[in-house]
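J.: fold the following for me, if possible:
(chains A and B)
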Amino acid sequence: MIDRQALRKEFDRLQAAIARRGGDVIAPGSAWARVAELDVRQRELKTESEAQQAERNRASKAIGMKKSTGEDATAEIAAMGEVSRRVKELDTLAKDAEAEFAAALLEIPNPLHDSVPDGESEDDNVELRRWGTRRTDDVPPHWDIGTDLGILDFEAGARLAGSRFTVIRGAAARMERALMQFMLDLHADKHGYEEVWVPAIANSRTMTGTGQLPKFADDLYKLEGEDAYLIPTAEVPVTNLYQDKILDASDLPIRHCAYTPCFRREAGSAGRDERGIIRQHQFDKVELVHITTPERVLSDLNELLGHAEAVLEALELPYRTMQLCTSDIGFSSQLTFDLEVWLPSQNCYREISSCSSFGQFQGRRAGIRYRDEGGKPQPAATLNGSGLAIGRTLVAILENYWQADGSVSIPKVLQPYMGGMQVISK
RNA sequence: GGAGAGAUGUCUGAGUGGCUUAAGGAGCACGCUUGGAAAGCGUGUGUACUAUAAUGGUACCGAGGGUUCGAAUCCCUCUCUCUCCGCCA
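T.: Reported below is the predicted structural model:
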């Protein structure tokens, strides 16, 4: 959410930062186009309403005084009937205007950070660096590798739940679990994160705090008849751990790692990645979340990115680090770096982690604040990144560690987590 | 799911219609006192919006409605928490 004061004082600067996203974000009729006017209207009504309320408070007090001394207040009470009616009327108008304004604010995306490169599509994302040696020989797609080894059962997943669900069996199931353990251990023990375990269901307030609602309801699974949604990422419950809290500056930065399942409806991505387990309705992920101060955002994001890269390097998976351009950055984010892992069967890099700074955008929405040096509450800055998406890591291992005899060797760091197993074969 | 009890500021805790601009206590901050500390004494101590040159104004006692000239207080609906019972991994 953008800052209300900034909306008035720095309208042009904000508009420019939002407009860089392209498309229709500032087009006529958009939330942005309406919000300035709604703000003015909301304030006018509120000022008028408050003036009436002040009058009512004064008069009520006077009546109270008279009554307590036994004087007659009939005339005053009669006169107050009209004032009271006006207060009710104005207060209703003011509240409606405020609600309309607040609703519009929630629809406005985060102004982009100045450092975000311009671009028309994801093709304009900027490659920052590459790590590892890509294998370029012929490798079958992971769905064939998994099916041949009997460790991925697409038919069973579809029968149990529908398309984009898969049953993982045997050594691959074990590897799924090993990956969670390995990643959490790395972040908790080596990178200094506090591990948390959180609900996989969140209410609408929580979903609004991190920006999934109100705009992206179609991407979420909602529980029937309840104010409850399946989380699309651990970002939602972990960041909102501090919802409506005022933190001490000395508490920051807070760093959490968490494993959760993630649920996404994938509305609008029909046809994309239909085979295999790259794009599933349910997948596992280890997430990194920072709560920090606005001043620290760039250095903290850099560290977080390093923590995610460390996972790929430990698993010896080749990857590249991308900076997302203006048109590819998510609604809530101001600055995003993606990690893309090499998939030899597709002969390209595929996203496996997304590390973002949200600036104070989520802090304002979720009411996460901290006291600055002057003791004043300020919205905290939030960051998060995948460290990593487990399912896609499994894909990357199956393909990058595939051997010509059809077997898949197991990355060294995972072997202790898999009872010493070194290779998956028939 | 059934029965009951609750929800007040950082915490505790009073407050059943009008000097409540939320008592008292604890905690915290500052000052006095002290060789230093404790105790004691004094002062201060929420959030948000809004106005002004400045003092201000309004809202917030779980949420939303209602009654009233006036609601933390009365009424209605909802949410959550706790206790007991039932069910259950």
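
J.: shaky segments in the stretch 301-426 of chain A?
T.: By pLDDT under 70, the stretch 301-426 of chain A has no low-scoring segment.

J.: so where do the helices sit in the stretch 151-300 of chain A?
T.: Remark: helices assigned in the stretch 151-300 of chain A by DSSP state H, counting those that start in this stretch are A:154-160, A:170-185, A:204-210, A:235-239, A:297-314.

J.: for the ones you listed, give me a markdown table that also has mean neighbour count.
T.: Yep, even glycine has a C-beta here, placed from its N, CA and C like the rest. Formatted as a markdown table, the helices of the stretch 151-300 of chain A follow (neighbours: other C-beta atoms under 10 Å):
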| stretch | mean neighbour count |
| --- | --- |
| helix A:154-160 | 14 |
| helix A:170-185 | 20 |
| helix A:204-210 | 22 |
| helix A:235-239 | 27 |
| helix A:297-314 | 19 |
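
J.: got JSON lines for those helices, with distance to A:A33 too?
T.: What follows is the helices of the stretch 151-300 of chain A, written out as JSON lines (distance: least, C-beta to C-beta, whole Å):
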{"stretch": "helix A:154-160", "distance to A:A33": "44"}
{"stretch": "helix A:170-185", "distance to A:A33": "43"}
{"stretch": "helix A:204-210", "distance to A:A33": "22"}
{"stretch": "helix A:235-239", "distance to A:A33": "29"}
{"stretch": "helix A:297-314", "distance to A:A33": "28"}
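
J.: and of those helices, who's closest to RNA strand B?
T.: Closest approach to RNA strand B among the helices of the stretch 151-300 of chain A is made by helix A:204-210 (10.0 Å; C-beta to the nearest atom of the strand).

J.: wondering if that closest one reaches RNA strand B at all.
T.: No: for helix A:204-210, no contact with RNA strand B is found by C-beta under 7 Å from any atom of the strand; the gap never falls below 10.0 Å.

J.: counting contacts, what elements does that helix pack onto?
T.: helix A:235-239, helix A:361-366 (3 or more C-beta pairs under 8 Å, 6 or more residues apart in numbering; DSSP states H and E).

J.: burial count for the closest residue to A:E287 other than its chain neighbours?
T.: Excluding the flanking residues, the one nearest A:E287 by C-beta to C-beta, 6 or more residues apart in numbering is A:A234, at 3.7 Å. By other C-beta atoms under 10 Å, 26 other residues sit near A:A234.

J.: show me which residues of the stretch 151-300 of chain A sit near RNA strand B.
T.: Checking the stretch 151-300 of chain A against RNA strand B by C-beta under 7 Å from any atom of the strand, the hits are A:I246.

J.: for the residue nearest to A:E287, which residues are in contact?
T.: Contacts for A:A234 (C-beta atoms under 8 Å, 6 or more residues apart in numbering) come out as A:V198, A:A258, A:Y259, A:T260, A:C262, A:K285, A:V286, A:E287, A:V289.

J.: distance of it relative to RNA strand B?
T.: A:A234 is 20 Å from RNA strand B, where distance means C-beta to the nearest atom of the strand, to the nearest Å.

J.: and that residue, what pLDDT?
T.: You'll see A:A234 listed with a pLDDT of 96.

J.: what do you get for A:A172?
T.: 97.

J.: contact partners of stretch A:128-139?
T.: A:309, A:312-313, A:316-323, A:337, A:342, A:344-345, A:347, A:399-400, A:402.

J.: again with stretch A:176-188
T.: So stretch A:176-188 is contacted by A:168, A:193-195, A:257, A:259, A:284, A:286, A:288, A:307, A:310-311, A:314, A:387-388, A:390-391, A:393-394, A:413-414, A:417-418 (C-beta under 8 Å, 6+ apart).

J.: from these, which would you call buried?
T.: A:168, A:193, A:257, A:259, A:284, A:286, A:288, A:307, A:310-311, A:314, A:387-388, A:390-391, A:393-394, A:413-414, A:417-418 (16 or more other C-beta atoms under 10 Å).

J.: heading C-terminal from the longest helix seen in chain A, find the next helix or strand.
T.: In chain A, taking DSSP state H as the definition, the longest helix is helix A:31-68. With elements assigned by DSSP states H and E, the helix or strand that comes after helix A:31-68 is helix A:74-106.

J.: quick one: list the elements packing against that following helix.
T.: helix A:31-68.

J.: just the buried positions in the helix it packs on, please.
T.: Residues A:31-32, A:34-35, A:38-39, A:41-43, A:45-46, A:49, A:52-53, A:56, A:59, A:63 are the ones in helix A:31-68 that count as buried (16+ other C-beta under 10 Å).

J.: do the same with stretch A:397-412
T.: A:I397, A:L398, A:E399, A:N400, A:Y401, A:W402, A:S407, A:V408, A:S409, A:I410, A:P411.

J.: ends of it, how far apart?
T.: 12 Å (C-alpha to C-alpha, to the nearest Å).

J.: which residues are in contact with it?
T.: A:135, A:139-142, A:145-146, A:148-149, A:172, A:175, A:314-318, A:342-345, A:418, A:421-426.

J.: tell me the angle of the longest helix of chain A relative to helix A:74-106?
T.: 160 degrees (axes from the mean of the first three to the mean of the last three C-alpha atoms, to 10 degrees).

J.: elements contacting helix A:31-68?
T.: With 3+ C-beta pairs under 8 Å, 6+ apart as the test, helix A:31-68 has helix A:4-9, helix A:11-19, helix A:74-106 packed against it.

J.: distance to A:H187 and mean pLDDT added to these, as JSON lines?
T.: Converted to JSON lines, those look like this (distance: least, C-beta to C-beta, whole Å; pLDDT from 0 to 100):
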{"stretch": "helix A:4-9", "distance to A:H187": "34", "mean pLDDT": "87"}
{"stretch": "helix A:11-19", "distance to A:H187": "32", "mean pLDDT": "92"}
{"stretch": "helix A:74-106", "distance to A:H187": "31", "mean pLDDT": "83"}
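
J.: quick one: closest of the ones you listed to A:S354.
T.: helix A:11-19 (20.4 Å; C-beta to C-beta).

J.: in the closest one, what counts as buried?
T.: Taking 16+ other C-beta under 10 Å as the criterion, helix A:11-19 shows A:L14, A:Q15, A:A17, A:I18, A:A19 as buried.

J.: nearest to RNA strand B: which residue in the stretch 201-350 of chain A?
T.: For the stretch 201-350 of chain A, C-beta to the nearest atom of the strand, closest residue to RNA strand B: A:I246, 6.4 Å.
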